[in-house]
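>>> the following block contains a protein sequence and its predicted model.
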Amino acid sequence: MLRGEPGVGKTALLEHAIGSAPDFRVLRAVGIELEMELAFASLHQVCAPMLDRLDRLPGPRQDALRAAFGLSAGAAADRFLVGIAALSLLSEVAEEQPLLCAVDDAQWLDEASAQALAFVAHRLFAERMAILFVTRTPIEALSGLPELIIDGIGDDHARAVLASGIQGPLDEQVRERIIAEARGNPLALLELPRGLTPAELAGGFALPDARPLANSIERSFLRRVRSLPPHSQRLLLLAATEPVGDVLLLWRAARQLGVAPDAVAPAEAAGLLELGGRVRFRHPLVRSAIYRAATPDDRREVHRALAEATDPETDPDRRAWHRAQSTAGLDEAVASELERSAERARRRGGVAAMAAFLERAAEVTPDPAHRGARALAAAQAKLDAGAPEAAQRLLATAELTPLDEFRRARAARLRGQILFARSRGSDAPPLLLGAAKRFEPLDAASARETYVEAFGAAIFAGRASRAGGVLEAAEAVRAAPPAPQPPGPVDLLLDGLAKRFTERFGEALPALTRALHAYAGTDGHGGDEVRWLWISCPVTPEPLAPELWDDEMWHELARSAVSVARNAGALAVLPIALSYRACVHLHAGEFAEASGLLEEADAISEATGNPPLRYTSLMLHAWRGQEVTALRAIESSLQDARARGEGRAIGLAHYATAVLHNSLGRYQDALAAAQRACEHEDLGFFGWVLVELVEAGARSDAYDVASDALGQLDERTRASGTDWALGVRARSAALLSHGSSAEALSARRSSDSAAAGS
């Protein structure tokens, strides 16, 4: 991985690497900003020259790549299988000739392609293959690869580079200003002075400090573009708008616009464009500068030409996209075509692409009712893709249209989902409960799905709930129409949750166990209902596994939740799933693995603007005994959680405090923290709090408190009966025992822990 800012020389290094490998077959791909929401678009660039070898792969791998590239109809491409298929295809080619895969502008790879290429890159062992990625910014999907940071050059070298690009005299102060503003960026040193007259160079050259360097470079490119003949400028805009670099498509579209072949010569002479096997700009900023500077009418004209030149059979989605961008007004035919593209994107697992198609479809829909339905669907897809602000905007658009009662219930549900995604506070549960009740006379399945979401939101609100919290949700479920027979995984989960908060722990245990086994057995592939459960609401099943002291189920649920959310590109819930998975590693003592998953979760939360999930990170600091770091993080988390009304985070912060103080022998402080944590029964970790309370009470002579906590713990662990539960119970009982009884319990705890694989 070569990483550095635009213009620092990454592409030059990539070209040097290619030139240094004359015996290699070279496969090239370029991330394209306009295609970031089209699943597997960049992987198609890599694999396109080798698709004639697909029949050499085993059937399932062939099918995976065909589905990913839209070469065949069928189920959504399994991203794991696509990664294996891509590795197999590349390895097949590398057997004949060493292979170099060069991927430029990787920051603009679509998520599905980035995951597939990362899968390949992490599995290159004996293959005669190398992959070089060039990127401006860190890429979450490609984390863990060896990385070389490309920094700017020093001032002495900068003066030499600047001098090489300027003919004639240059004022000394102007020189030093350019060097200071370029900050060692070679492309800036070459491009900033170009297009300026000798008088401008001699009289001084200054740019506003607030203007980004990339914009300065783009302006210099635009000056050169505008010096070209009009037909060359039109060809450049066409090339900038066509995202895949297809030379034949470019010329077909050029004919639509009446642009002759000789238009390319001035652009090539100016060093802006190169037409070989593919369309290549001198620098990505040339493409972006040309497109952004074009008038809306000019953009629509070239999009229209590209739509006409694109084969509707082989590339219907890109044709639909160009048609949509060429439409200035309202057009139902275009909207319908985009809606079909959105459905194809959904089947491929491209949530972001689906959202983009639906959003544009809503914009060009003439009928108000249809516009509202499409805006509502687009808002849901935007939320699933981790863009709650865009979802909020589209929801507001939908609510201005004449929605029927069912869609109004959907809008109410979506408003609660958005609120939960943005804050995870106490405002979301009442909205979701209200939406569930609105669904009851309209659609029982939607009502029950929404009740599950309401439970999840109420669990996060915890002690900060404004109304009855989880108990109110449970009572509402009990009063709702009965579940269908036979019940599905969602129905079983909802029934188990309702019993958990209205009955004793042991009485609710069988229902919860049935629900989790049904849920885990689907692995996210049991139809739309189950897929919804994995993608939209991983906030209730995963905490239930540790609630039941079922470590094997917990491991399976957390693994599957991460897999399904990642493959679907569901960035709204992926950080939550990653945090649960990290907690599994934490309890296994695998701190490094937990830390890596938490870093990924934080990066996604920051990128999507959603609040970070601090639960497992607080526990990790406490378990590692990092006193200063842990206490600082706990205090920050408490302030943030109180402000947002996320009561579960408050309880977890007190639990982490108890763990830390118990580990440091500060039992009075641990006792106070554990008692604060026990003020509310937080699903998933309340049993862990009881363990800390027993220890703190036993070691600080608060035997009544410890004994009461042990009684509550005893009820839960006996009902569960797992090795984990029995080991925890024996260990806690030993702390309140003496002599041979304590030794026997400690031996029992050690035996049970070993059986559980602790």
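Here it is on my side, so go on. Because the structure is a prediction, the values reported are computed rather than measured.

>>> rest of the way, CA atoms for contacts and neighbours
Fine.

>>> centre-most residue in the protein?
By Cα atoms, centre = their mean, the chain has its centre lying nearest to residue 571, at 3.5 Å.

>>> so what's the nearest residue to that residue once chain neighbours are set aside up against?
Distance criterion Cα to Cα, 6 or more residues apart in numbering; nearest residue to residue 571, sequence neighbours excluded, is residue 386 at 4.4 Å. Neighbouring residues of residue 386 by Cα atoms under 8 Å, 6 or more residues apart in numbering: 570-573, 608, 610.

>>> rerun at 7 Å
With contact set as Cα atoms under 7 Å, 6 or more residues apart in numbering, residue 386 has these partners: 570-572, 608.

>>> show me which of those is closest to residue 436.
Out of the contacts of residue 386, the one with the shortest distance to residue 436 is residue 572. That distance is 20.9 Å, counting by Cα to Cα.

>>> list the contacts for the closest one?
Applying Cα under 7 Å, 6+ apart, we find residue 572 in contact with 383-386, 421.

>>> cool, residue 691 as well?
For residue 691, the set of contacting residues under the criterion of Cα under 7 Å, 6+ apart consists of residue 732.

>>> just the element for it, please.
Secondary structure from DSSP states H and E places residue 691 in helix 686-699.

>>> please apply the same query to residue 619.
Assigned by DSSP H and E, residue 619 belongs to helix 615-623.

>>> what's the burial count for residue 679?
Neighbourhood size, residue 679 [other Cα atoms under 10 Å]: 11.

>>> what are the phi and psi values for it?
Taking degrees, to the nearest 10, you get phi -70, psi -20 for the backbone angles of residue 679.

>>> A strand includes residue 274, no?
Yes. Looking at residue 274 with DSSP: H, G, I helix; E, B strand; the rest coil, it is inside a strand.

>>> distance of it relative to residue 671?
Residue 274 sits at a distance of 71 Å from residue 671 (criterion: Cα to Cα, to the nearest Å).

>>> quick one on the thing from earlier: the residue nearest to the centre of the chain touches residue 383, doesn't it?
No. Taking Cα atoms under 7 Å as the definition, residue 571 is not a contact partner of residue 383, at 8.4 Å.

>>> what average pLDDT does stretch 619-626 get?
Mean per-residue pLDDT for stretch 619-626: 93.

>>> if you count neighbours, what's buried in that stretch?
By neighbour count, and taking 16 or more other Cα atoms under 10 Å as the criterion, the buried residues in stretch 619-626 are 619-623, 625.

>>> list of residues touching that stretch?
Outside stretch 619-626, the residues within contact range by Cα under 7 Å, 6+ apart are 586, 629-630, 656, 659-660.

>>> now do the strand or helix carrying residue 674: everything it contacts.
With the criterion set as DSSP H and E, the secondary-structure element containing residue 674 is helix 667-677. Outside helix 667-677, the residues that touch it by Cα under 7 Å, 6+ apart are 651, 654-655, 657-659, 661-662, 689, 692-693, 696-697, 699-700.

>>> lowest-pLDDT helix or strand in the chain?
Comparing every helix and strand of the chain by mean pLDDT, DSSP states H and E singles out helix 198-203 as the least confident one, with a mean of 41.

>>> ranges for the strands of the chain?
Ranges of strands within the chain are 2-3, 25-30, 99-104, 129-135, 148-149, 273-275, 279-281, based on DSSP state E.

>>> and the residue nearest to residue 128 when sequence neighbours are not counted, how many residues sit next to it?
The spatially closest residue to residue 128, leaving aside those adjacent along the chain, is residue 98, at 5.1 Å (Cα to Cα, 6+ apart). The local packing count at residue 98 equals 17, with neighbours defined by other Cα under 10 Å.

>>> please tell me how far residue 98 sits from residue 130.
When distances are taken as Cα to Cα, residue 98 and residue 130 turn out to be 8 Å apart.

>>> how about residue 391?
Separation of residue 391 from residue 130 (Cα to Cα) stands at 40 Å.

>>> start to end distance for stretch 253-261?
Taking Cα to Cα as the measure, stretch 253-261 stretches 12 Å from start to finish.

>>> now the phi/psi pair for the residue nearest to the centre of the chain, please.
Backbone dihedrals for residue 571, given as degrees, to the nearest 10, come out at phi -70, psi -20.

>>> which residues does it contact?
Each residue near residue 571 by Cα under 7 Å, 6+ apart is listed here: 384-386.

>>> repeat that with 10 Å
Residues in contact with residue 571, defined by Cα atoms under 10 Å, 6 or more residues apart in numbering, are 351-352, 382-387, 535, 565, 601, 604-605, 607-608, 610.

>>> again, but for residue 110
By Cα under 10 Å, 6+ apart, residue 110 lies in contact with 31-43, 350, 352-353.

>>> just give me the least confident of those residues.
residue 350 (66).

>>> ok so, going back, between residue 571 and residue 383, which contacts overlap?
Taking Cα under 10 Å, 6+ apart as the contact rule, residue 571 and residue 383 both touch 351-352, 608.

>>> residues near residue 592, how many?
Taking other Cα under 10 Å as the neighbour definition, residue 592 ends up with a count of 13.

>>> state the distance from it to residue 554.
From residue 592 over to residue 554 (counting by Cα to Cα), the distance is 19 Å.

>>> if we can go back for a sec, closest to residue 150 among the contacts of residue 110?
Closest to residue 150, out of all of the contacts of residue 110 and judged by Cα to Cα, is residue 31, at 18.9 Å.

>>> before we move on, back to that, buried set for the helix holding residue 674?
Of the residues in helix 667-677, those buried by neighbour count under the rule 16+ other Cα under 10 Å are 667-677.

>>> just give me how far that helix sits from the chain centre.
Taking Cα atoms, centre = their mean, to the nearest Å, one finds the center of helix 667-677 at 37 Å from the center of the full chain.

>>> try stretch 394-414
Using Cα atoms, centre = their mean, the mean C-alpha position of stretch 394-414 is found 26 Å from that of the whole chain.

>>> same check on stretch 567-577?
6 Å.

>>> straight-line length of it, end to end?
From the first residue to the last, stretch 567-577 extends over 12 Å; the measure is Cα to Cα.

>>> that one - what's its average pLDDT?
Within the predicted structure, the mean pLDDT of stretch 567-577 is 76.

>>> next one: stretch 654-672
Here the mean pLDDT over stretch 654-672 is 96, rounded to a whole number.

>>> stretch 601-612 too?
Along stretch 601-612, the predicted local confidence has a mean pLDDT of 77.

>>> how about that stretch: buried residues?
Buried residues in stretch 601-612, defined by neighbour count with 16+ other Cα under 10 Å: 601-605, 608-612.

>>> name the nearest of those residues relative to residue 303.
Top of the list for closeness to residue 303, among these and by Cα to Cα, is residue 608 at 29.4 Å.
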